[in-house]
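Q: With the input below, show me the fold.
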Amino acid sequence: MTKDEILIWSDGASRGNPGQGGWGVIIVSSEKEVVELGGGEEHTTNNRMELTGAISALSFVSKNNFTTAEKILIHTDSSYVINGITKWVYGWRKNNWQTSQKEDVVNRDLWEELFSLVAGKKIEWKYVAGHSGTPGNERCDEIATSFADGNIPSLYRGSLSDYPVSLFDLSDVSPVGNKNKKNKSRSKAKAYSYLSMIDGIIMKHKSWEECEKRVKGKSGAKFKKALSAEEEEQIEKEWME
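A: Numbering: from 1, shown residues only. Just a heads-up that it's a prediction; the model follows:
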């Protein structure tokens, strides 16, 4: 970490999709002050909580004079948030907030708010593998799930030197835009399962051949490889959004 950087970790959770949800955030200012934030909603989705976490972090940074730093690094396990704000949002805005399938963009209100917050800022988005033991992500998950369960956790604000979480254990962090090696190793990794979705119906398959047989030639079909039970669950949540 340099004196010109702000570090952010963010996560969201929901008990049901939709259901009661929560979000959790850790912010480290360029002056090495740590701020934990969190909140919850009674009827929401996992993706809305992921977006709300990122929005809340950037709003706090903007309102508390943290923007003097040259760069903001945001760590999240949500590929939905990362892909949305770095890729998809530009097409959505150009197409009057419709997807390539001519459907209204889900969570438009939050995407518009996030887009306005990232404007004019130098932000690097970093993907963190969920539930992989990365301390910052695990702490945000703890905050988010506490709020989702209706429990208000104790939130830290103070010096980085006194903060009990080892934030700089970043072994499972991948910078966006530098995923070629990761994608190659992923393609060779043994699958936990393959998922397919046709007309809103999700099925799990033990082999690619079984998955391919279902989706081949089917308009609008989705399919994806999962490497773990946690990733399988995350894919289902994103598809059902």
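Q: okay, CA-based contacts and neighbour counts for the rest of this
A: OK.
Q: Distance of M197 relative to K218?
A: For M197, the distance to K218 equals 10 Å [C-alpha to C-alpha, to the nearest Å].
Q: swap in L7?
A: Relative to K218, L7 is positioned 43 Å away (criterion: C-alpha to C-alpha).
Q: can I assume A54 is in contact with S10?
A: Yes - because the distance of 6.1 Å satisfies C-alpha atoms under 8 Å, A54 is recorded as touching S10.
Q: Which pLDDT value goes with the closest residue to Y192 other than its chain neighbours?
A: In this structure, Y192 finds its nearest non-sequential neighbour in L227, 4.7 Å apart by C-alpha to C-alpha, 6 or more residues apart in numbering. With respect to pLDDT, L227 scores 83.
Q: Report how many residues lie close to L227.
A: L227 has 15 neighbours, counted by other C-alpha atoms under 10 Å.
Q: so S146 is in which element?
A: Under the assignment given by DSSP states H and E, the secondary-structure element containing S146 is helix 135-148.
Q: any chance you could map the strands in this structure?
A: For the chain, the strands identified by DSSP state E occupy 5-16, 19-28, 33-44, 71-76, 123-128, 157-159, 173-175, 193-198, 201-205, 222-226, in order along the chain.
Q: Looking at these, which is nearest to A148?
A: Closest approach to A148 among those is made by strand 19-28 (4.1 Å; C-alpha to C-alpha).
Q: average model confidence for the closest one?
A: Mean predicted confidence for strand 19-28 is 97.
Q: Alpha carbons of that strand, in CSV - could you do that?
A: Provided in CSV are the C-alpha atoms of strand 19-28 (Å, rounded to 0.1, in the frame of the first residue of the first chain):
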residue,chain,number,x,y,z
GLY,A,19,-34.6,-12.5,1.1
GLN,A,20,-33.1,-10.7,4.0
GLY,A,21,-29.7,-9.4,3.1
GLY,A,22,-26.6,-7.5,4.2
TRP,A,23,-23.4,-5.9,3.0
GLY,A,24,-20.0,-5.3,4.6
VAL,A,25,-17.2,-3.0,3.7
ILE,A,26,-13.6,-2.3,4.8
ILE,A,27,-11.9,1.0,3.8
VAL,A,28,-8.3,1.8,4.4
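Q: what packs against it?
A: The criterion is 3 or more C-alpha pairs under 8 Å, 6 or more residues apart in numbering; DSSP states H and E, and the helices and strands that strand 19-28 contacts are strand 5-16, strand 33-44, helix 46-63, helix 135-148.
Q: before we move on, the earlier item: if you count neighbours, what's buried in the helix holding S146?
A: Residues of helix 135-148 classed as buried: 135-148 (neighbour count, 16 or more other C-alpha atoms under 10 Å).
Q: Which residue ranges make up each domain of this structure?
A: Each domain of the chain is listed here as a residue range: 5-179, 189-240, per automatic domain parsing.
Q: returning to what we had before: for the strands of the chain, which one sits closest to T86?
A: Put simply, out of these the one that sits nearest T86 is strand 123-128, at 8.5 Å, with distance taken as C-alpha to C-alpha.
Q: got the angle between the closest one and helix 135-148?
A: Direction vectors for strand 123-128 and helix 135-148, defined by axes from the mean of the first three to the mean of the last three C-alpha atoms, to 10 degrees, enclose an angle of 80 degrees.
Q: Buried ones in strand 123-128, by neighbour count?
A: Within strand 123-128, the residues that count as buried by 16+ other C-alpha under 10 Å are 124-128.
Q: Spell out which strands sit alongside that strand in the sheet and which way each one runs.
A: With DSSP bridges as the test, strand 123-128 is paired with strand 71-76 (parallel), strand 173-175 (antiparallel).
Q: Pick out the shakiest of these, pLDDT-wise.
A: When the strands paired with strand 123-128 are compared on average pLDDT, strand 173-175 comes out lowest at a mean of 56.
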